[in-house]
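Participant: Provided below for reference: sequence and predicted model.
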There are 2 protein chains.
Amino acid sequence: MAKFSIDLDKAFSALADPTRRAIVSRLCEGPKSVSELSEPFDLALPSLLKHVRVLEESGLVSSEKIGRIRTCKVDAHALQETEAWINRHVSIWEKRLDRLEAHIHRMKRKN
Amino acid sequence: MAKFSIDLDKAFSALADPTRRAIVSRLCEGPKSVSELSEPFDLALPSLLKHVRVLEESGLVSSEKIGRIRTCKVDAHALQETEAWINRHVSIWEKRLDRLEAHIHRMKRKN
DNA sequence: CCAATACTTTCCCACATGGCTAAGTTTTCA
DNA sequence: TGAAAACTTAGCCATGTGGGAAAGTATTGG
């Protein structure tokens, strides 16, 4: 099976921070420069930039610098992969939950 | 709107650790005691216990101590809530991605 | 060509996290 | 009752994370 091109550890921990979830949400509205991105946050630029770097490392966001402006955008491909993984994982959980419930049911019968 | 009873920050950061994802997976097979849980891991008991505590704080796992044995299990309710949130969020992302793609499409036309 | 703009780098700090060992505590069983 | 089992607590350590200020580096626009 093909290896994941996204890293779950990195994806989950990237999304564990509310500021970063907000950044992803804003970028879903359309690409933005670093300073545009920083507007709604009460954060110094270097701090915001760190969040952007974390999101880039996770593969959820990508950016390109043209002239003096770095434009950031959501990486549609990575998002779709994340979504695909989530769907798969949720279905695994569902199956296991069914088993768990069946197990609990059996236990109750025995009492 | 009703407040979430699970905390996204905590849920995501709980799942960001591979050991904790493995614990959740094992618990999906059925409830387990702390020492049963620890078997496949090369971890001292207190370290494993810390992971369990993190999962409990996130609401994904619950446990009960009877006698000297603490039995841990996946919290089906919290899992379903997490799943529900994920589904909702993915659909928000999809809508926004559509908008993003439409935006890119418009940009391309202008060139 | 020089000032303003837009990052970027380089530190620094406080606190959280993940690991450990050692020393409890509480139950259970012989 | 007294040792073994199953956690639990306390404390230590190294590393990672999220925040900042200050100074540096390109790129413009006038």
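Facilitator: Here it is on my side, so go on. Residues are numbered from 1 along each chain as shown, chains lettered A, B, ... in the order given.

Participant: Can you get me a residue count around A:Val74?
Facilitator: 24 (other CB atoms under 10 Å in any protein chain shown). C-beta here means a position set from N, CA and C on the backbone, and glycine is covered the same way.

Participant: List the contacts of the residue nearest to it when sequence neighbours are not counted.
Facilitator: Computed as CB to CB, 6 or more residues apart in numbering or on different chains, the closest residue to A:Val74 that is not its neighbour in sequence is A:Leu27, at 4.6 Å. With contact taken as CB atoms under 8 Å, 6 or more residues apart in numbering or on different chains, A:Leu27 is in contact with A:Leu37, A:Val61, A:Cys72, A:Lys73, A:Val74.

Participant: Helix or strand for the third one, just tell me which one.
Facilitator: If I follow you right, that is A:Cys72. strand A:69-74 (DSSP states H and E).

Participant: hey, C-alpha coordinates of that strand in PDB?
Facilitator: What follows is strand A:69-74, C-alpha atoms only, in PDB (Å, rounded to 0.1, in the frame of the first residue of the first chain):
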ATOM      1  CA  ILE A  69       5.300  39.000  -0.100                       C
ATOM      2  CA  ARG A  70       4.700  35.400   1.000                       C
ATOM      3  CA  THR A  71       1.300  34.100   0.000                       C
ATOM      4  CA  CYS A  72      -0.100  31.200   1.900                       C
ATOM      5  CA  LYS A  73      -2.800  28.800   0.900                       C
ATOM      6  CA  VAL A  74      -4.500  25.600   2.000                       C
END
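
Participant: I'd like to know which elements it is packed against.
Facilitator: Judged by 3 or more CB pairs under 8 Å, 6 or more residues apart in numbering or on different chains; DSSP states H and E, the packing partners of strand A:69-74 are helix A:18-28, strand A:32-33, helix A:34-38, strand A:61-66, helix B:76-110.

Participant: residues near the residue of chain A at minimum distance from DNA strand D, how many?
Facilitator: Nearest residue of chain A to DNA strand D (CB to the nearest atom of the strand) works out as A:Gly67 at 2.7 Å. Using other CB under 10 Å, A:Gly67 has 5 neighbouring residues.

Participant: next one: A:Phe41
Facilitator: 15.

Participant: Might you report the residue contacts of it?
Facilitator: A:Thr19, A:Ala22, A:Leu48.

Participant: For chain A, list the residues in contact with DNA strand D, please.
Facilitator: A:13, A:16-17, A:19, A:42-44, A:46-47, A:50-51, A:54, A:67-68 (CB under 7 Å from any atom of the strand).

Participant: one more time with 10 Å, if that's ok
Facilitator: A:9-10, A:13-14, A:16-20, A:38, A:41-51, A:53-54, A:57, A:65-69 (CB under 10 Å from any atom of the strand).

Participant: rank the helices and strands packed on strand A:69-74 by mean pLDDT and give me the bottom one.
Facilitator: Ranked on mean pLDDT, the bottom entry among the helices and strands packed on strand A:69-74 is helix B:76-110, at a mean of 63.

Participant: that older thread, of the contacts of A:Leu27, which are in range of DNA strand C?
Facilitator: A:Leu37, A:Cys72.
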